[in-house]
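Peer 1: Give the three-dimensional model of this entry:
(2 chains)
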Amino acid sequence: MKLDPWPFVTAAYAIVAIAAVAMSLLSWRAMRRAERALEESRRA
Amino acid sequence: MPKPWFVPAIHALANPARFLKIARPLTPVLFWLGVALAVFGCWAGLTQTPPDYLQGDAVRIIYVHVPTAWLGMAGWSGIAISSIAYLVWRHPLARVAAQAIALPGAVFAGLCLVTGSIWGRPTWGTWWQWDGRLTSMLLLFFVYLAYMALVRADDDRGGDGRIPAIFGIAGSVLLPIIRYSVVWWNTLHQGQSIGLTSSTIAMSIMWPLFFTLAGFTLFFAAIVLIRMRALIAGAKAEARLRRKATV
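Peer 2: Numbers count the residues shown, from 1 in each chain, chains lettered A, B, ... in the order given. Now for the predicted structure:
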């Protein structure tokens, strides 16, 4: 039986997009947190 | 003997202050240019190319699968090169670079496995097969996880980063195995279809792949820079607090 490829194509693109967005947000947040900690250590 | 041209450049960049001066403005440029190219490539791959005569529309997964595979492997190459630089020159920035590459490398290796599995179901009729290419890529994904655990354990014990660096170099033995697995073994995975000078894929199908390859590569570089900046800031803050505690 030949499967409809579009649900597979959509799933592949969606997973890549979600992972890319999640990794960007997590990395950005980690950087902001570390740079804030550096600023606070300067003031302390 | 004269030094190769890139050695002075590496030494110059190894200064964290100089590195940050370049990395801060470069990060958003790489990130947004990468996102734009990747989004355009994906849109073109989904709407502007013909279906494959054998695989039909399932071939469109190639535009995300190939970049994730390339970056999963390129990421480990980056870890290995940074590890060599750290062991040879003791540049702390090389250690930071290797640590920063680990997470995006693992994510892209994992995405390669997932998108490959999704592609396999409609084309091969199976989600997974223990063949040479798939199994060696899965091993690389586990090696990434082991490397991240090792880096954390080394940091917790106040290690100098030599053991993760040696692991980073040793792990690169997997790269030629992945690359040549489709040549050495009779695998379900297709043989090499894209080379540096030639390709067996028609240009009418392949052209958006250049955009997604370039886009995801720039995006990967931006994520590495963001993570390097986080690691450098974290280390500086910790060192400053420790200094103040001892005064």
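Peer 1: Show me which residues of chain B sit near chain A.
Peer 2: B:31, B:42, B:46, B:55-58, B:60-61, B:64-65, B:68, B:103-104, B:107, B:110-111, B:114-115, B:118-119, B:121-122, B:219, B:223, B:226-227, B:229-231, B:233-234, B:236-237, B:240-241, B:244 (C-beta under 8 Å from any C-beta of the partner chain). Glycine gets a C-beta too; all of them are placed from N, C-alpha and C.
Peer 1: so residue B:225 touches residue B:20, yeah?
Peer 2: No - Residue B:225 is beyond contact range of residue B:20, at 9.8 Å (criterion: C-beta atoms under 8 Å).
Peer 1: and those two? which has more neighbours close in?
Peer 2: residue B:225 (24 against 15; other C-beta atoms under 10 Å in any protein chain shown).
Peer 1: Please pull up the helix or strand immediately following the helix or strand hosting residue B:68.
Peer 2: Using DSSP states H and E, the element containing residue B:68 is helix B:62-89. Going down the chain from helix B:62-89, the next helix or strand is helix B:92-124, by DSSP H and E.
Peer 1: you'd agree residue B:134 is up against residue B:126?
Peer 2: No - the pair residue B:134 / residue B:126 is not scored as a contact, 10.3 Å apart, by C-beta under 8 Å.
Peer 1: Look at these two and report which has more neighbours.
Peer 2: A direct count of neighbours by other C-beta under 10 Å for residue B:134 and residue B:126 places residue B:134 higher, at 21 against 10.
Peer 1: Now a PyMOL select for only the buried ones of the residues of chain B next to chain A.
Peer 2: If you want just the buried ones from these in PyMOL, going by 16 or more other C-beta atoms under 10 Å in any protein chain shown, the selection is:
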select buried, chain B and resi 31+42+46+56+57+58+60+61+64+65+68+103+104+107+110+111+114+115+118+119+121+122+219+223+226+227+229+230+231+233+234+236+237+240
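Peer 1: which of the residues in stretch A:17-28 are buried?
Peer 2: Neighbour-count burial for stretch A:17-28 flags A:19-20, A:23-24, A:27-28 (criterion: 16+ other C-beta under 10 Å).
Peer 1: List the contacts of that stretch.
Peer 2: B:31, B:103-104, B:107, B:110-111, B:219, B:223, B:226-227, B:230 (C-beta atoms under 8 Å, 6 or more residues apart in numbering or on different chains).
Peer 1: what do you get if the cut-off is 10 Å, keeping everything else the same?
Peer 2: B:27, B:31, B:34-35, B:38-39, B:42, B:64, B:68, B:100, B:103-104, B:106-108, B:110-111, B:114, B:216, B:219-220, B:222-227, B:229-230 (C-beta atoms under 10 Å, 6 or more residues apart in numbering or on different chains).
Peer 1: Next one: the most centrally placed residue in chain B from chain A, what distance?
Peer 2: Compute the mean C-alpha point of chain B, and by C-alpha atoms, centre = their mean the closest residue is residue B:75, 2.6 Å away. Residue B:75 is 12 Å from chain A, where distance means C-beta to the nearest C-beta, to the nearest Å.
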